[in-house]
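J.: Model the following, please.
(one chain, ligands or ions: 1)
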Amino acid sequence: MIRTIKINSKDNVAIVTRDVKRGELLDIGTEAREDIPQGHKIALAHLQKGDEVLRYGVVLGTLRKDVEKGDWIGEHDLDLPLSPALSELTWTGGPECDRQKKPGQPPFFMGYDNGEGKFAGTRNILAISTTVQCVKGVVEAALSRIRNELLPKYPNVDGVAALTHSYGCGVAIDAKDAAIPIRCVKNLMYNPNFGNEIMVIALGCEKLTLERLLDNEEINSDNVLVLQDCKGANEMVDSIVDMAERKLAKLNKRKRTPCSLDKLCIGVQCGGSDAFSGITANPSIGYCSDLLTGYGAAVMFSEVTEVRDGVHLLAKRCSNRKAFEDLIREISWYDEYLAKGNVDRSANPTPGNKKGGLSNIVEKAMGSIAKSGTAPIERVLGPGEKNDAHGLIFAATPASDFVCGPTQLASGISLQIFSTGRGTPYGLREIPVIKIASQNTIFSRWPGIFDISAGDIIDKGLSFEDIGKRLFELVLETASGRLCQAERNGFYNDIVIDNPAPIT
Ligand code: CA
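T.: Numbers count the residues shown, from 1 in each chain. Predicted coordinates for the structure are as follows:
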């Protein structure tokens, strides 16, 4: 019997998990009435011309013809609804969905909660912040000494990360959009994994001055080293190593303690997606996200260009007027940003998307938005803004994997869930990145890369609730110290700062 996948209880179509021949029996209790390609939609009931076709619980379009249960619904069978213009969206008073409160004994994780902030850390890491790219070579030289000579003496510290980046000078620092890279560099320092130990290496003549990053009382020789004040190479490296040792001694006192889930702030993103990402991995992440937010955690989803065509659906999910207005502001900003480059979101499905069964732009966006589950959106953040809210948060970032990661990091996530179908080894040194595969084929072909596969939804008939629950457990274990695959391998990407402002 051939498996189909229905995402939402309201849906009147499902997806076939492999190529289906006419007459083959399906698990929906009927035979296929025609050949249907893998990943395409099959009608679950008799529907009439003009009826709405529902997938992910939303209207994908209206039917151009009558269909019977077991018919294929292809892209040509639908009249497509266009996403409304942002100017036509209005605040409608909040979502119909309720905040999900979970019954029973609340789960916990073993986090670093030393009263430093609203959220607890999942790792205990010394972060060496930098004001400018110019200092990177010196910091890297000091890093190898810190890792080899010092780290073994401080066993409670999990690692040292240099927050080096390409920003800081040769930039129009007063340009309006420079606020984005500046706040990213600044907010990165206060990630819950770094224990509020501030250590900044500056050059001395850069545009991103210490005053732009730190409060006045934080600018002192305990926290800051200016290389232009040093007498040569050896003193530069020695001074960084000395400062690191003082910070390591303090960080070494941090201890894991049981933390309730309102101390956890995580992010989700997808990259290298395939036709199954929106069917298996992303809805599993969404279910996991609903569990996490139901227990009080903060979960951020992002990737503006990938949610753009479902923005009217996100607008309805905003729980308060401010979140709605911030959503419109952030999406408008991105529309204008793309327009300046004479491009648009190009989210109309590609021929490959259509071959994979995605009929239109809403369906494609819903595959990405599925990561956000069903909770109301409590807060909307601009790129790199610090989060202090609980529940589901939309953090506006580029969809680019290696920009989205650091931007969410600046907003304060201490763990990220990353779904991929085609496969990417993405990882960050600063936080665990749990990678979930959309299919078992890539999971098996790339041992040591993925932490979990959603492929059993296709191969073994599990539901995304089943995988979502496993993922939820894995999140708690990983937040409590279990190493993810990227950490075991030491596969780490750079801190790539989102800079939409001019370089001079
Ligand atoms: Ca991405």
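J.: What number of residues are in the vicinity of the residue nearest to residue 117 when sequence neighbours are not counted?
T.: Spatial nearest neighbour of residue 117, chain neighbours left out: residue 192 (5.8 Å); criterion: CB to CB, 6 or more residues apart in numbering. Placement of C-beta: from N, CA and C, glycine included. Residue 192 has 25 neighbours, counted by other CB atoms under 10 Å.
J.: Equivalent analysis for residue 168, please.
T.: Other residues lying near residue 168 total 27 when counted by other CB under 10 Å.
J.: The one 3 residues further on now?
T.: When neighbours are defined as other CB under 10 Å, residue 171 has 21 of them.
J.: repeat for residue 337
T.: Residue 337 has 14 nearby residues by other CB under 10 Å.
J.: all helices of the stretch 301-450 of the chain, in order?
T.: Counting by DSSP state H, counting those that start in this stretch, the stretch 301-450 of the chain has these helices, from start to end: 304-307, 311-317, 321-340, 351-355, 361-369, 401-411, 440-445.
J.: Where in the chain is the helix or strand with the lowest mean pLDDT?
T.: Using mean pLDDT, DSSP states H and E, helix 351-355 stands out as the lowest-scoring helix or strand of the chain, at a mean of 73.
J.: Summarise which helices and strands that one is packed against.
T.: Using 3 or more CB pairs under 8 Å, 6 or more residues apart in numbering; DSSP states H and E, no helix or strand is in contact with helix 351-355.
J.: surely residue 499 meets residue 171?
T.: Yes: using CB atoms under 8 Å, residue 499 makes contact with residue 171 at a distance of 7.0 Å.
J.: Mutual contacts of these two, please.
T.: Shared contacts of residue 499 and residue 171 (CB atoms under 8 Å, 6 or more residues apart in numbering): 178, 181.
J.: Apart from its neighbours in sequence, what residue is nearest the residue of the stretch 1-150 of the chain at minimum distance from the ion?
T.: Nearest residue of the stretch 1-150 of the chain to the ion, counting by CB to the ion: residue 56, 18.9 Å away. Distances taken as CB to CB, 6+ apart put residue 366 closest to residue 56, at 4.1 Å, once the chain neighbours are dropped.
J.: In terms of helices and strands, where is residue 473?
T.: In the assignment (DSSP states H and E), residue 473 maps to helix 464-479.
J.: Kindly export that helix (C-alpha atoms) in CSV.
T.: What follows is helix 464-479, C-alpha atoms only, in CSV (Å, rounded to 0.1, in the frame of the first residue of the first chain):
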residue,chain,number,x,y,z
PHE,A,464,5.5,14.2,11.8
GLU,A,465,4.2,14.2,15.4
ASP,A,466,6.3,11.0,16.0
ILE,A,467,9.4,12.7,14.6
GLY,A,468,8.6,16.0,16.2
LYS,A,469,8.5,14.3,19.6
ARG,A,470,11.9,12.6,19.0
LEU,A,471,13.3,16.0,17.9
PHE,A,472,11.9,17.6,21.0
GLU,A,473,13.8,15.0,23.2
LEU,A,474,16.9,15.5,21.1
VAL,A,475,16.7,19.3,21.6
LEU,A,476,16.5,18.9,25.4
GLU,A,477,19.4,16.3,25.4
THR,A,478,21.5,18.6,23.2
ALA,A,479,20.7,21.7,25.2
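J.: Backbone dihedrals for the residue nearest to residue 117, please?
T.: The phi and psi values for residue 192, taken as degrees, to the nearest 10, are phi -60, psi -20.
J.: residue contacts, it?
T.: The contact partners of residue 192, by CB under 8 Å, 6+ apart, come to 112, 116, 117, 119, 120, 121, 122, 265, 412, 414.
J.: ok, now residue 150?
T.: Each residue near residue 150 by CB under 8 Å, 6+ apart is listed here: 241, 244, 245, 248.
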